[in-house]
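Colleague: any chance you can model this:
(one chain, ligands or ions: 2)
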Amino acid sequence: MIFKFDNTYANELNGFYTAHQSAGAPAPKLIKVNNKLATQLGIDLNSLREEEQTAIFSGNHIPEGSKPLAQVYAGHQFGGFSQQLGDGRALLLGEVVDKNGLRFDIQLKGSGRTPYSRGGDGKSALGPVLREYIISEAMYALGIPSTRALAAVSTGETVMRSEPLPGGVFTRVAASHIRIGTFQYFAARQEIEHIKKLADYAINRHYSKIRETTKDDLSDSGSMYLSFLAEICDAQASLVAQWMCIGFIHGVMNTDNMTISGETIDYGPCSFMDHYAADTVYSSIDQQGRYAYHNQPSIAQWNLARLAEALLPLFGENTDQSIEKATEILDAFPQHYTQYWLAGMRKKLGLQTKQEDDLSLINDLMASLNNQQVDYTQLFRHLAKILQGEESLANELFNDATTFNLWVKRWQERLRQDELSLSESIKLMNHTNPIYIPRNHKVEEALEAAVTYDDYSKFEILIDTLSQPYHLQDGKEEYSQPAPKEFQATFKTFCGT
Ligand code: AMP
Ligand code: MG
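Modeller: Numbering: from 1, shown residues only. Ligands and ions are numbered 1, 2, ... in the order given. Okay, the predicted model is just below:
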């Protein structure tokens, strides 16, 4: 068997999906397979010829042991509730368990229409497939929880978007595809038994440790589900803090795009910030700036409140008390988020101890960037250089570095009060502040060459470079540089539909 499928979702959650087959592709070509990930997941691709791999990752051949299915979910999209969404262009092939006993979903995206396709064609254009491959793997290499890329194929088919485009299929690996919206679907239908069943399943799969801490308390199952909510809040607080530290903008933080596991999912119109500006929005569909960079923590909390509403019947008989307890958990979110964010930012500044004033130190650095068009990623990478006596690299990023230079003096004073030696601080910073992120212009350049000219060399180099984001690589200077100003001024991302 190529995949040692062990399909708990299909077997245990009848009523949470529709069994379905992929449409297939007329002339598929294998573009990329993540062999390292396949090995890690115990998937035996080496025994397959390329045509066989292509057949699997295009949906033309459903591998043995798979029970392909489309999951149902609902969701708040840009604040408005849709009662039924679901996998409209995706199929869960099944689950595999890796060498460490961790369970992962294997999902095809772009594999054809399903009962949840609504008006859509069930397909993906090749560009967004390649984009998700690049950015999800970059996130993984940066150390941020993320779904991953197992394979990309082109289908040989044309899909109609605003123009005809070549089609593709993406194979995604995720800790699971359970979303806030999955709970919302059953809550909207007041199917409390289903909410409970899904929560029990998700607890077993992602938060089994809370069963141990609440097991003496079986008479009070409400407390277990409250712990479940608290764990998800914690995972999301940590995740969004990591996004903020690295300068990542998700772009469509709808409740159907927020996982219960705490992994980043759905790389549609996402992007990394170039120059620092708190209100940055790249997504062409986000005209109100709902999902702007600086709104992400509060949107996460808003989404978690929607999850709490969906889980409410599980918290106990007394609704007022349940609301009070859930509200307490939600109200703690900003504080937890801030702790994670502060911890991340301290590392970016080479600090190991905590001091009261650190928040103002960080905020003042951000304030010194206002209206300066300073590249966020380069600035943090160059801070360590200042400690090595090379101040010019950071200074050159500013139009006027006066305020920044005063800040540097304060920061160096703060570093002296810390327990780390200078060289340890530099090491910490260089493991925290990447040199290489998926620069918007480099991603676009790679996609253009691949989709328009069938030239995958740039795509390959980009993936290779981004797999080691913290290490200086010879001859890769251009991948560390921000886009030309003209590019930055007009760049928009488009939803990967
Ligand atoms: P997304 O914007 O990728 O999070 O998708 C939102 C919803 O629209 C999900 O239910 C998708 O399955 C559905 N969807 C997106 N694109 C398509 C498509 N081309 N065909 C069918 N459904 C789609
Ligand atoms: Mg989605």
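
Colleague: now do the strands in the stretch 301-450 of the chain.
Modeller: Taking DSSP state E, counting those that start in this stretch, the stretch 301-450 of the chain contains no strands at all.

Colleague: isn't Gln488 right up against His275?
Modeller: Yes - between Gln488 and His275 there is a contact under CB atoms under 8 Å: 6.9 Å. C-beta coordinates here come from the backbone N, C-alpha and C atoms, glycine included.

Colleague: shared neighbours, these two?
Modeller: Pro482 (CB atoms under 8 Å, 6 or more residues apart in numbering).

Colleague: of those two, who's got more company?
Modeller: His275 (21 against 15; other CB atoms under 10 Å).

Colleague: list the contacts of the more buried one.
Modeller: 372-376, 482, 488.

Colleague: just the buried members of those residues?
Modeller: For the contacts of His275, a burial check counting by 16 or more other CB atoms under 10 Å picks out 372, 374-376, 482.

Colleague: in a helix, Gly88, correct?
Modeller: No - secondary structure of Gly88 (DSSP: H, G, I helix; E, B strand; the rest coil): coil, not part of a helix.

Colleague: looks like it contacts Arg118 (just checking).
Modeller: Yes - here Gly88 lies in contact with Arg118, judged by CB under 8 Å, at a distance of 6.2 Å.

Colleague: have a look at the two and say which one is more surrounded.
Modeller: Gly88 (18 against 12).

Colleague: distance of the more buried one relative to ligand 1?
Modeller: 2 Å (CB to the nearest ligand atom, to the nearest Å).

Colleague: what kind of secondary structure is the closest residue to that residue other than its chain neighbours in?
Modeller: Sequence neighbours aside, Ser117 is the residue nearest to Gly88 in space, at 4.2 Å (criterion: CB to CB, 6 or more residues apart in numbering). Here Ser117 is coil, with the state taken from three-state DSSP.

Colleague: close enough to count as contact, Ser117 and Leu85?
Modeller: No - here Ser117 does not reach Leu85: they are 10.3 Å apart, not a contact under CB under 8 Å.

Colleague: tell me which of those two has more neighbours.
Modeller: Leu85 (22 against 16).

Colleague: confirm that that one sits in a helix.
Modeller: No - under the criterion used here (three-state DSSP), Leu85 is coil, not part of a helix.

Colleague: can you pull the contacts of it?
Modeller: 72-75, 77, 116, 181, 185, 256.

Colleague: mind checking pLDDT for it?
Modeller: In the predicted model, Leu85 carries a pLDDT score of 97.

Colleague: can you check Asp216 too?
Modeller: 59.

Colleague: quick one: whichever strand or helix holds Lys32 to chain centroid distance?
Modeller: Here Lys32, judged by DSSP states H and E, is contained in strand 29-33. Put simply, strand 29-33 sits 23 Å off its chain's centre (CA atoms, centre = their mean, to the nearest Å).

Colleague: what's the answer for stretch 144-157, then?
Modeller: Mean C-alpha position of stretch 144-157 versus that of the full chain (CA atoms, centre = their mean) differs by 14 Å.

Colleague: buried sites along it?
Modeller: 144-155, 157.

Colleague: if I pick His250, what's in contact with it?
Modeller: His250 sits next to 243, 257, 264, 266, 270, 291, 296 when contact means CB under 8 Å, 6+ apart.

Colleague: my error: substitute Asp274 in the last question.
Modeller: Here Asp274 is in contact with 375-376, 439-440, 482-483, 488 (CB under 8 Å, 6+ apart).

Colleague: tell me the spacing between it and ligand 2.
Modeller: To ligand 2, Asp274 is 25 Å away according to CB to the ion, to the nearest Å.

Colleague: so what's Ala199 up against?
Modeller: Ala199 neighbours (CB under 8 Å, 6+ apart): 183, 225, 228, 311, 314.

Colleague: helices and strands around the longest strand seen in the chain, which ones?
Modeller: Ranked by number of residues, the top strand in the chain under DSSP state E is strand 148-160. Counting contacts by 3 or more CB pairs under 8 Å, 6 or more residues apart in numbering; DSSP states H and E, strand 148-160 is packed against strand 29-33, helix 35-40, helix 50-57, helix 126-142, strand 164-174.

Colleague: pull the CA atoms of that strand into PDB?
Modeller: What follows is strand 148-160, C-alpha atoms only, in PDB (Å, rounded to 0.1, in the frame of the first residue of the first chain):
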ATOM      1  CA  ARG A 148       1.800  21.700   4.100                       C
ATOM      2  CA  ALA A 149       2.300  20.900   0.400                       C
ATOM      3  CA  LEU A 150       2.700  17.300  -0.700                       C
ATOM      4  CA  ALA A 151       2.300  17.800  -4.500                       C
ATOM      5  CA  ALA A 152       1.300  20.100  -7.300                       C
ATOM      6  CA  VAL A 153       0.100  19.000 -10.800                       C
ATOM      7  CA  SER A 154      -1.200  20.800 -13.800                       C
ATOM      8  CA  THR A 155      -4.300  19.300 -15.300                       C
ATOM      9  CA  GLY A 156      -4.000  20.100 -19.000                       C
ATOM     10  CA  GLU A 157      -7.400  21.700 -18.600                       C
ATOM     11  CA  THR A 158      -8.400  25.300 -19.000                       C
ATOM     12  CA  VAL A 159     -10.400  26.900 -16.200                       C
ATOM     13  CA  MET A 160     -12.400  30.100 -16.700                       C
END
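
Colleague: which residue lies nearest the spatial centre of this structure?
Modeller: Thr264 (2.1 Å; CA atoms, centre = their mean).

Colleague: for the nearest residue to that residue once chain neighbours are set aside, what are its contacts?
Modeller: The spatial neighbour of Thr264 that comes closest, neighbours along the chain excluded (CB to CB, 6+ apart), is Ser146 at 4.4 Å. When contacts are counted by CB under 8 Å, 6+ apart, Ser146 touches 136, 139-140, 263-265.

Colleague: and these, which is closest to ligand 2?
Modeller: Ligand 2 lies nearest to Ile265 out of the contacts of Ser146, by CB to the ion, at 7.2 Å.

Colleague: what number of residues lie near the closest one?
Modeller: Around Ile265 there are 21 residues (other CB under 10 Å).

Colleague: ok now the longest strand of the chain, how far from the chain's centre?
Modeller: 20 Å.

Colleague: ok, stretch 347-363 next?
Modeller: 26 Å.

Colleague: quick one: buried residues of that stretch?
Modeller: Quick answer for stretch 347-363 (16+ other CB under 10 Å): 347-351, 358, 361-362.

Colleague: and for Ile323, the neighbour number?
Modeller: 14.

Colleague: need the contact list for it.
Modeller: Leu312.

Colleague: roughly how far does it sit from ligand 1?
Modeller: 29 Å.

Colleague: with Gln184 instead?
Modeller: If you go by CB to the nearest ligand atom, the gap between Gln184 and ligand 1 works out to 13 Å.

Colleague: my read is that that residue contacts Thr255, right?
Modeller: Yes - in this structure, Gln184 is within contact of Thr255 by CB under 8 Å, at 6.3 Å.

Colleague: could you count how many residues lie near Ala27?
Modeller: Neighbours of Ala27 (other CB under 10 Å): 10.

Colleague: correct me, but it touches Val153?
Modeller: No - applying CB under 8 Å as the test, Ala27 and Val153 come out as separate, 10.3 Å apart.

Colleague: residue ranges in the stretch 151-300 of the chain under the pLDDT threshold?
Modeller: For the stretch 151-300 of the chain, applying pLDDT under 70 flags the ranges 215-219.
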